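Colleague: here is the input, now give the coordinates:
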Amino acid sequence: MKILILGGFLGSGKTSVLLQLAQYLVQQSSGSSQTRVAIIENEIGQIGIDDKVLRGNGYEVREIFSGCVCCSLNSDLISGIQEIKSTVDPDWLIIEATGVAFPDKIAESLFTNLGLAARVVTIVDASRWQRIRIPLANLIEGQLNDAELILINKTDLVADLELMAVEADLRNLNSDAVIYQISGIKPMDEGLLKEIQHG
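Modeller: Presented below is the predicted three-dimensional model:
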């Protein structure tokens, strides 16, 4: 079971990326066996909003409502993953972290508690970057720690110079990550989907 953790601040476009990625993974199936994709959604509220979108597109979703997993991995998430592994055993598990979680901490806990490795993909909202960068510095920087791939989303909403400044700031924060620019109004190209899938 391969695991991807999608992180990013609230409203950055994680669900949109998740839907495209899940669809791509299923479409890449060859032969008679279809690639199975499981999704875990971590919410801090009591009602999952995004899960309605996901279910509307035919995906099964398990919600984890016990709060943010940014400080420690809660037992609900651990048991949820164990249940998915034993009952469904999907080819892929995509965890959509809440907008206030630290994805690298989730990955660390998965490895420590379950011996499972995960790839961290963080999505950044270019249109709000300048407004949230300083007030939410600790959260933003924490979400970018150890991200292997950073997707700068909503590029259609900012000028080229502003976009260049956002990318330069991101490279200063995480010089090891591969950075791509995307726009929520256009589908991601196959090359990027492969990069997310394989690294």
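
Colleague: residue ranges in this protein under the pLDDT threshold?
Modeller: 29-33, 42-74, 199 (pLDDT under 70).

Colleague: start to end distance for stretch 87-94?
Modeller: Its first and final residues considered, stretch 87-94 spans 16 Å by Cα to Cα, to the nearest Å.

Colleague: what residues of that stretch count as buried?
Modeller: For stretch 87-94, a neighbour-count test (16 or more other Cβ atoms under 10 Å) marks 90-94 as buried. Placement of C-beta: from N, CA and C, glycine included.

Colleague: for stretch 10-23, same thing?
Modeller: Here stretch 10-23 shows 12-23 as buried, counting by 16+ other Cβ under 10 Å.

Colleague: one step back: secondary structure added to the buried residues of stretch 87-94, as TSV?
Modeller: Putting these into TSV (DSSP: H, G, I helix; E, B strand; the rest coil) gives the following:
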residue	secondary structure
90	coil
91	coil
92	strand
93	strand
94	strand
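
Colleague: what is the nearest of those residues to residue 167?
Modeller: Nearest to residue 167 out of these is residue 94 (Cβ to Cβ; 25.1 Å).

Colleague: can you spell out which residues form a bridge with the closest one?
Modeller: residue 4, residue 39 (DSSP bridges).

Colleague: gap between it and residue 79?
Modeller: Counting by Cβ to Cβ, to the nearest Å, the gap from residue 94 to residue 79 is 18 Å.

Colleague: quick check, residue 119 in a strand?
Modeller: Yes - according to three-state DSSP, residue 119 belongs to a strand.

Colleague: quick one, what contacts it?
Modeller: Under the criterion of Cβ atoms under 8 Å, 6 or more residues apart in numbering, the neighbours of residue 119 are 2-5, 107, 148-149, 199.
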